[in-house]
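Asks: What follows is a predicted protein model with its sequence.
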Amino acid sequence: MLTIREIDTYYGESQALFGVSLDVGEGEVVTLLGRNGMGKSTTIKSIMNLAAIRKGTITFCGKEIGASPSYCIARLGIGLVPEGRQIFPNLTVRENILVTAANHTGSAQPYTMDDILTIFPRIGDRLDSFGNQLSGGEQQMLAIGRALMINPKLLVLDEATEGLAPLVRQEIWRGLTILKSKGLSILVVDKNLGALFRIADRHYIMEKGKIVWTGTNGELCLQPELQSRYLGV
Ligand SMILES: Nc1ncnc2c1ncn2[C@@H]1O[C@H](COP(=O)(O)OP(=O)(O)OP(=O)(O)O)[C@@H](O)[C@H]1O
């Protein structure tokens, strides 16, 4: 579904990614792991063309998207939950959910507000609150709900549960597990290995702008030395 081949991404003259290749298959949950500053967010920004690649290719559902504007990439079916969530502070929860709603991907069963509230019941109690009145966890659930309303084929989350309380994290992982069971493909950045081990199919580990290891969930679970070397756990 998503195929990244040998991409180099720069910020000005400073190279951040070096020949990164990555795949996400239909219905797969894939993680991007690594310590701070290793290039995970830059990889996600490259997918959405929020950071321009200078070499390599990015293909989504058979279409080369490397040079497409971000909104076109979203319309093709990549729903982004960005780091920092970026929900609209002056819109209500209801408005935040509805503002992006569209079925450009031609889904047979497009997401409705009720679907979002079934996955994240907590935000159902806050429908008339403004975005800036929500807790971090509620904002994250809202950001995921908003991304789902474009009916994505692939959901991309940068720091899915960073800085959130344990209970709220659990609710987010439960929601993502529901989405996986419905067959949604997910690419997720997070540091919460325990939760990732329960949901992920495959992992990529990044160091200094390169992919240094990739393998299945079972393989990573069995290699604590990899976890301590690259992830500091
Ligand atoms: N806007 C930017 N301008 C210049 N350099 C940047 C910019 N954003 C990131 N970088 C650099 O690119 C490299 C990769 O950063 P990136 O944010 O992709 O890492 P990360 O693995 O997502 O880390 P974190 O978990 O801290 O977000 C780092 O050296 C970082 O300093």
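Replies: Yep, it's here. Residues are numbered from 1 along each chain as shown.

Asks: correct me, but residue 86 touches residue 143?
Replies: Yes. Contact criterion CB atoms under 8 Å: residue 86 and residue 143 qualify, at 7.2 Å. All C-beta atoms are positioned from the backbone trio N, CA, C, and that covers glycine.

Asks: The two: which is more packed in?
Replies: residue 143 (22 against 13; other CB atoms under 10 Å).

Asks: C-alpha coordinates for the worst-scoring helix or strand of the chain on mean pLDDT, CSV please?
Replies: Least confident helix or strand, the chain: helix 224-231 with a mean of 89, by mean pLDDT, DSSP states H and E. Extracted C-alpha coordinates of helix 224-231, given in CSV (Å, rounded to 0.1, in the frame of the first residue of the first chain):
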residue,chain,number,x,y,z
PRO,A,224,16.2,-7.1,24.2
GLU,A,225,19.7,-6.1,23.1
LEU,A,226,18.2,-4.3,20.1
GLN,A,227,15.7,-2.6,22.4
SER,A,228,18.4,-1.3,24.7
ARG,A,229,20.9,-0.4,21.9
TYR,A,230,18.5,1.6,19.8
LEU,A,231,15.6,2.5,22.0
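
Asks: and the helix or strand hosting residue 168, which residues are buried?
Replies: Element membership for residue 168, per DSSP states H and E: helix 166-181. Buried residues in helix 166-181, counted by 16 or more other CB atoms under 10 Å: 168, 169, 171, 172, 173, 175, 176, 179, 180.

Asks: Thanks again, I'm all set now.
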